[in-house]
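# with the sequence up front, the predicted model follows.
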Amino acid sequence: MCAKCTIVKMLSTIRYDHSNVQLKETKMQAALTSEELKRYRDDGIIIPRVGLGIDAVAALRHKLDSFLSEQGITDADYVPDIIERDPSWLKIGSMPEILDAVEKIIGEDIIIWGSALFCKAGKGGRATPWHQDGHYWPIRPLETVTAWIAIDDVNSENSCLRVIPGSHRDRVSYSHDVDNSDQIILNQVLKAEHLQSAPPRDIELAPGKFSIHDVYLIHGANPNNSGKRRAGLVFRYMPASSYFDRQLATQQVKELGVLDLSRRKLFLVRGTDRSGLNDVQQ
Ligand SMILES: O=C(O)CCC(=O)C(=O)O
């Protein structure tokens, strides 16, 4: 190849590489800006600007209706194992719009270990008591985040999620009481003395928008008696540097009377299992 041709080839390669880097940076910025990331670190929760599009929302609504009828679920206030019931939900939890934002927070090695539906009908509703998720999750080190995806318009009227911003910062698991009342959907209730003085913030979401919250964040929701359904889909993501400890899960069932998580399937959706301990499925 003549010298001129070599230089032209080199330049075009450089330009190509450069545009690739820019493309990658734009994609990462679109997922979560550094400002959003800072807000997440401060508050323990963020609503990324980029949500799911209207087509995705329509498909989700349809999928939700078929799922509920196929599974014969009449009370969907809390369905804690939707991927185990129907593995096709994994596709939703693996959508790049969500994973790109999660990756900004927990890094590029990501395991989906949990999924749930919180579809509160709007009548005869049960509350979600104030709690911290990590209190009964067998993940060590305890690092994991939840994406809460709005299928309906979710606001104060139909009892959106409420959080105490900043309550995650000390990385402390506070004590909870067991309450098996049928007025609430979880039986672990944060002891009142730990309810911090900061006022709760309502996390209002248009359909398709989602929030991501930290495992130590104190949160809950009022009963929904608004007459309007409030459906949210939840996926839980842990960094693959943490270990999902099945023995601890069994112990937590005995000690706390919580849901048995010992047989949860672990899906490695990005990167590699850094801990080398998790029995992941690809
Ligand atoms: O949507 C709700 O009422 C509760 C959700 C929740 O507690 C969670 O996703 O961790």
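Yep, that arrived.

# what about residue 200, neighbour count?
For residue 200, the number of neighbouring residues by other Cβ atoms under 10 Å comes to 18. No exception for glycine: its C-beta is placed from N, CA and C like everyone else's.

# now swap in residue 152 and tell me
Taking other Cβ under 10 Å as the criterion, the count of residues near residue 152 is 20.

# try the one 3 residues further on
Residues near residue 155, counting by other Cβ under 10 Å, number 17.

# and it, how far is that from the ligand?
13 Å (Cβ to the nearest ligand atom, to the nearest Å).

# who's in contact with that residue?
Counting by Cβ atoms under 8 Å, 6 or more residues apart in numbering, residue 155 touches 202, 204-205.

# which residues sit in contact with the residue nearest to residue 230 when sequence neighbours are not counted?
Across the structure, with Cβ to Cβ, 6 or more residues apart in numbering as the measure, the residue nearest residue 230 apart from its sequence neighbours is residue 158 (4.0 Å). Residue 158 sits next to 120, 122, 152, 224, 226, 228-230 when contact means Cβ under 8 Å, 6+ apart.

# now do the same for residue 158: its pLDDT.
Predicted confidence (pLDDT) at residue 158: the value is 97.

# and it, how far from residue 178?
In this structure, residue 158 and residue 178 are separated by 28 Å, where distance is defined by Cβ to Cβ, to the nearest Å.

# so what's residue 244 bridging to?
Applying DSSP bridges to residue 244 yields these beta-bridge partners: residue 139.

# and what about the residue nearest to residue 230, helix, strand or coil?
coil (DSSP: H, G, I helix; E, B strand; the rest coil).

# quick check, the residue in the stretch 151-282 of the chain closest to the ligand?
Nearest to the ligand in the stretch 151-282 of the chain, going by Cβ to the nearest ligand atom, is residue 221, at a distance of 3.7 Å.

# isn't that residue right next to residue 163, touching?
No - between residue 221 and residue 163 no contact is recorded; they are 9.7 Å apart, counting by Cβ atoms under 8 Å.

# next, format the contacts of residue 158 as a markdown table and append distance to residue 52, pLDDT and secondary structure.
What follows is the contacts of residue 158, written out as a markdown table (distance: Cβ to Cβ, whole Å; pLDDT from 0 to 100; DSSP: H, G, I helix; E, B strand; the rest coil):
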| residue | distance to residue 52 | pLDDT | secondary structure |
| --- | --- | --- | --- |
| 120 | 20 | 96 | strand |
| 122 | 22 | 92 | coil |
| 152 | 13 | 97 | coil |
| 224 | 22 | 96 | coil |
| 226 | 23 | 97 | coil |
| 228 | 20 | 97 | coil |
| 229 | 18 | 96 | coil |
| 230 | 17 | 97 | strand |
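
# from those, keep the buried residues only.
With neighbours counted by 16 or more other Cβ atoms under 10 Å, the contacts of residue 158 contain buried members at 120, 122, 152, 224, 226, 228-230.

# could the residues you listed go into a markdown table alongside distance to residue 193?
Below are the buried ones among the contacts of residue 158 laid out as a markdown table (distance: Cβ to Cβ, whole Å):
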| residue | distance to residue 193 |
| --- | --- |
| 120 | 28 |
| 122 | 33 |
| 152 | 34 |
| 224 | 27 |
| 226 | 31 |
| 228 | 34 |
| 229 | 35 |
| 230 | 29 |
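
# Throw those into TSV and include distance to the ligand, thanks.
Shown next, in TSV, are these (distance: Cβ to the nearest ligand atom, whole Å):
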residue	distance to the ligand
120	7
122	13
152	12
224	9
226	14
228	15
229	13
230	8
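
# related to what we said a few turns ago, if you rank the contacts of residue 155 by neighbours, which is first?
Tallying neighbours with other Cβ under 10 Å puts residue 205 at the head of those, with 23 neighbours.

# that residue: what's it in contact with?
By Cβ under 8 Å, 6+ apart, residue 205 lies in contact with 47, 148, 150, 153-155, 160, 211, 232.

# what residues does the stretch 1-150 of the chain put near the ligand?
118, 128, 133, 146, 148 (Cβ under 6 Å from any ligand atom).

# do that again at 5 Å, thanks
For the stretch 1-150 of the chain, the residues in contact with the ligand (Cβ under 5 Å from any ligand atom) are 118, 128, 133, 146.

# residue 86 contacts residue 66, doesn't it?
No - under the criterion of Cβ under 8 Å, residue 86 is not in contact with residue 66, lying 9.3 Å apart.

# between these two, who's got more neighbours?
Using other Cβ under 10 Å as the criterion, residue 86 and residue 66 rank with residue 86 on top: 15 against 11.
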